[in-house]
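Trainee: from the sequence below, what's the structure:
(chains A, B, C, D, E and F)
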Number of protein chains: 4
Amino acid sequence: MPALLKATASKRPKAAATPVVRGTKTKKRSSKSPKPATNLELREDSIRRLSEASFALFVAKGYHATSLDEIARAAGLTKGSIYFYFNSKQRLLLGLLEDAREAVVSPLLDHVHKIEGSATDKIAGFFRFSSLNGIEQPQKLLCLIKTSIEFRDRDDAISKRIVEIYDEIYSALETILEAGKKRGEIASTSTKELASMIVATNDGMMLEWHRRGANIDGRKLVRTVWTTFLHGIEPSN
Amino acid sequence: MPALLKATASKRPKAAATPVVRGTKTKKRSSKSPKPATNLELREDSIRRLSEASFALFVAKGYHATSLDEIARAAGLTKGSIYFYFNSKQRLLLGLLEDAREAVVSPLLDHVHKIEGSATDKIAGFFRFSSLNGIEQPQKLLCLIKTSIEFRDRDDAISKRIVEIYDEIYSALETILEAGKKRGEIASTSTKELASMIVATNDGMMLEWHRRGANIDGRKLVRTVWTTFLHGIEPSN
Amino acid sequence: MPALLKATASKRPKAAATPVVRGTKTKKRSSKSPKPATNLELREDSIRRLSEASFALFVAKGYHATSLDEIARAAGLTKGSIYFYFNSKQRLLLGLLEDAREAVVSPLLDHVHKIEGSATDKIAGFFRFSSLNGIEQPQKLLCLIKTSIEFRDRDDAISKRIVEIYDEIYSALETILEAGKKRGEIASTSTKELASMIVATNDGMMLEWHRRGANIDGRKLVRTVWTTFLHGIEPSN
Amino acid sequence: MPALLKATASKRPKAAATPVVRGTKTKKRSSKSPKPATNLELREDSIRRLSEASFALFVAKGYHATSLDEIARAAGLTKGSIYFYFNSKQRLLLGLLEDAREAVVSPLLDHVHKIEGSATDKIAGFFRFSSLNGIEQPQKLLCLIKTSIEFRDRDDAISKRIVEIYDEIYSALETILEAGKKRGEIASTSTKELASMIVATNDGMMLEWHRRGANIDGRKLVRTVWTTFLHGIEPSN
DNA sequence: GATGAATGAGCCTTCATTCAT
DNA sequence: TATGAATGAAGGCTCATTCAT
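Mentor: Residues are numbered from 1 along each chain as shown, chains lettered A, B, ... in the order given. Have a look, this model is predicted:
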């Protein structure tokens, strides 16, 4: 697994050598941030810790297989604090999805929107931007993707939010492709399916990179993907 | 969701809402199979029911979010019977993975192996066969894919089996690509990453189809994918 | 543990190497008895097998911690056959208790009854007979003792039967002691407590021998016990 | 059963028989302890309640036959709280064993160690101290003894701890006996077996007292035992 | 702001028991 | 005679959630 992914999760303390009765825990917050002087700083620090731990664990183990206790432990806090800041496990994930949307999806769509050039330029830009972003801070993008898979066929708030976020992406891509087709820059006749394929390839690639971890070179994979996507697998003669 | 996916799961009897008089319970089993006369038939029928229900629910909700009670109910049996045939929830999934491997992966690799022609022919064959198979009986392939995502970063029997199965696929693809490169049929220089991309595209496409359900035309998606994969998105001039 | 104790229990087959689906079992009865020709022989053979397996497992693990499946497996039969012969787990144990009473308690009391001589002679005979019996076929005596401990403070059929059996023993001992005291052969003034002590010492010794197994020499222990019991720990000057 | 034994177990609230209106639940905790003001007090109070209930029930019914629900109910708490303080049923028992060792075994061995005099004095001291202790607070000693019987022939953490604790006792006794034999104070030639017999007599006596309950006079039994042990059953002429 | 205590619902698993064959 | 299939109740354990402090 890429080193970045484990950053937060690996910090967990791991209950010292079988005590007979569970003892009262000794506090420890000092590990990362030096000393959060004001209350506001404390707040932000705690929220950041919890978010990072959640991202890492939800990506590594999935939402259902991760307990709030694990998250709290990884963040150096207690379960109760999660409720203080997020109100519930579901709301915690919803918050993370919002984070991810703001940090990953919005910038991506903004970036693509600003590209001047043909539809293929824009699609290439989409791949490039998303991949680079995904390789540098994979947690947020991966959380989005894995959650979108884990919550398929559901009918809850999370599922709904996921659908909205993905619809934004589909919509943007379809606009680009439609325009490209009108200008003859794109070969395909089926806009919707091509947009789906772009998303599928992008998501599949991230998952694949996450799966194979050290066995694969992220940057090579990215380059392979978008080159292939533009020109196909066959050598251009 | 594609209609096929719900086939088994929707059959569930729903526990007959508080009967006033404790009469003779209606035998749930009679609903579908006419008469499982012998023990062997009974056995096979029950195993089939449980497997189908498990496939449907694991695909729809994921392993961790599916309870054995749900599965048993969907199969018209009780939790205990799952333990009679499989010995634990984990073993149940391992059994399904084996089913999926035999019904999906092995035929795929066999098929590709038998194709005579260039490396691109084989890769195209890979996509075509896998997609058609995946569209006609999606449960098994999807179970494999979703499980492979849900069990990343684990260290249990399921994770290990998944890795083995995927390694078979990577290995076959790399052999093909390596040979293709030697004969100049393939442009890419990076075999491992290209194999990964093929898997990523294939898995991503299945997931995408599963996600968008009725919104997308499976056959069109498939055609789009492997055309694009071979020739790229740009129109061949 | 003394070798005798494990005789039956160790035969269990131990389910062959992780099959995916639990297979249909292949029958095997031939292990011990050559071929039970008539139905009656079959009956007796099966009952003997089940009883032996039960004695061994109840002694080794206790009643509550032993499952009928384990017993059936150890006997080379199936759970159903236990119900065929014994009707329930409780009745099975009751049967064993009856066996034990007939094979261990009755002969012991008969033996002591026939001893001619002083009260101390009879008590010594009690110890000697019980110990030798206990060392040669420990299962039945140990089953009685361990059950009497496991079912203390209960109010079921088993507890009642145990009480009856032990009352027989107390009663016999008290009669002997009372007579001995009248004839000045016994020092103690407290009959009931002395009878209790005899039982306690006898049971405790069997348990101790069972506990320490190979670490202790059964015959030495027996001799130590009744010598001490008669003459005390201090050297007779 | 001796009255002391039921002390805690009989307190159980018994779930208030179907309340018609779902009113404010009466706080069960208030029954005994006045005001567990601070968290630490709450903590200690709960642990004490759970421990006492466990001791009583494990002694009365045995480990395997006692459910955590029963324990929790007897303690006026819920199952979950057991997992909050101890981490499993096994760890709960391990904790009790530690309690018992500290409260019963250690003081006993310390006491015997401090006795100045012959080996027989020490052995007599062993019996006397153990018996008095056992009669005044029987739960802990009985838990140790009954557990040691229930967990024979096992290979788990509990069995191991039991063996360690008993080895401490054997070891201390053997040292005393060995020294006694050298000084001619002890008649027997077989140290190991005599040590075993002492333990057997002591344990057997406790079990016997527990078994016969009100039918027997504990103090008389104790006196009978160690007098007999020292001087034998025969009247010293 | 954050914690430790406690709960209760739900989960996986075991097991005595029933029954048709 | 004996088995394999199936059940249902109960047990141990996890975990999201609440709350007083």
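Trainee: can you name the residue of chain A nearest DNA strand E?
Mentor: Using C-beta to the nearest atom of the strand, the single residue of chain A nearest to DNA strand E is A:Gly80, 2.3 Å away. Every residue, glycine included, has its C-beta placed from N, CA and C.
Trainee: who's in contact with the spatially most central residue of chain A?
Mentor: The residue lying closest to the centre of chain A (C-alpha atoms, centre = their mean) is A:Leu141, at 2.0 Å. For A:Leu141, the contact set (C-beta atoms under 8 Å, 6 or more residues apart in numbering or on different chains) comprises A:Ala100, A:Val104, A:Ser130, A:Asn133, A:Gly134, A:Met206.
Trainee: now list the buried members of the residues you listed.
Mentor: The neighbour count (16 or more other C-beta atoms under 10 Å in any protein chain shown) marks A:Ala100, A:Val104, A:Ser130, A:Asn133, A:Gly134, A:Met206 as buried among those.
Trainee: re the thing from before, D:Arg48 versus the residue nearest to the centre of chain A, what's the distance?
Mentor: When distances are taken as C-beta to C-beta, to the nearest Å, A:Leu141 and D:Arg48 turn out to be 52 Å apart.
Trainee: check which element follows the helix or strand bottoming out on mean pLDDT in chain A along the chain.
Mentor: Ranked by mean pLDDT, DSSP states H and E, the helix or strand of chain A with the weakest confidence is helix A:3-6, at a mean of 37. Scanning forward in sequence from helix A:3-6 by DSSP states H and E, the next helix or strand is helix A:39-61.
Trainee: so which bits of that next one are buried?
Mentor: Those buried within helix A:39-61 under the rule 16+ other C-beta under 10 Å are A:46-47, A:49-61.
Trainee: does whichever helix or strand comes after that helix come close to chain D?
Mentor: Past helix A:39-61, further along toward the C-terminus, the next helix or strand under DSSP H and E is helix A:68-75. No: Helix A:68-75 stays clear of chain D (C-beta under 8 Å from any C-beta of the partner chain), getting no nearer than 11.6 Å.
Trainee: how about helix A:68-75: buried residues?
Mentor: Of the residues in helix A:68-75, those with enough neighbours to count as buried (16+ other C-beta under 10 Å) are A:Leu68, A:Glu70, A:Ile71, A:Ala72, A:Arg73, A:Ala74, A:Ala75.
Trainee: out of the residues you listed, who's nearest B:Val112?
Mentor: Proximity of the buried residues of helix A:68-75 to B:Val112, judged by C-beta to C-beta, is greatest for A:Glu70, which lies at 41.6 Å.
Trainee: ok, for that closest one, nearest residue in space, not its chain neighbours?
Mentor: Taking C-beta to C-beta, 6 or more residues apart in numbering or on different chains, and ignoring the residues beside it in sequence, A:Glu70 has A:Leu57 as its nearest neighbour in space, at 5.9 Å.
Trainee: residues contacting that neighbour?
Mentor: A:Leu57 touches A:Ala9, A:Thr66, A:Glu70, A:Ile71, A:Ala74, counting by C-beta under 8 Å, 6+ apart.
Trainee: likewise for A:Ile115?
Mentor: Applying C-beta under 8 Å, 6+ apart, one finds that A:Ile115 lies in contact with A:Asp121, A:Lys122, A:Gly125.
Trainee: am I right that the second one is in contact with A:Val112?
Mentor: What it means is A:Lys122. Yes: A:Lys122 sits in contact with A:Val112 when judged by C-beta atoms under 8 Å, with a separation of 5.5 Å.
Trainee: which neighbours do those two share?
Mentor: Between them, A:Lys122 and A:Val112 share these contacting residues under C-beta under 8 Å, 6+ apart: A:Ile176.
Trainee: got the residues of chain A near DNA strand F?
Mentor: Contact residues, chain A versus DNA strand F (C-beta under 7 Å from any atom of the strand): A:Thr66, A:Ser67, A:Leu68, A:Asp69, A:Lys79, A:Gly80, A:Tyr83, A:Ser88, A:Lys89, A:Gln90.
Trainee: by neighbours, which of those wins?
Mentor: A:Thr66 (22 neighbours; other C-beta atoms under 10 Å in any protein chain shown).
Trainee: separation between the residue nearest to that one when sequence neighbours are not counted and A:Ala103?
Mentor: Once flanking residues are discounted, A:Thr66 sits nearest to A:Leu57: 4.5 Å by C-beta to C-beta, 6+ apart. Using C-beta to C-beta, one obtains 18 Å as the distance from A:Leu57 to A:Ala103.
Trainee: next one: the lengthiest helix in chain A to chain centre, how far?
Mentor: Among the elements of type helix in chain A, defined by DSSP state H, the one spanning the most residues is helix A:157-182. The gap between where helix A:157-182 is centred and where its chain is centred comes out at 17 Å by C-alpha atoms, centre = their mean, to the nearest Å.
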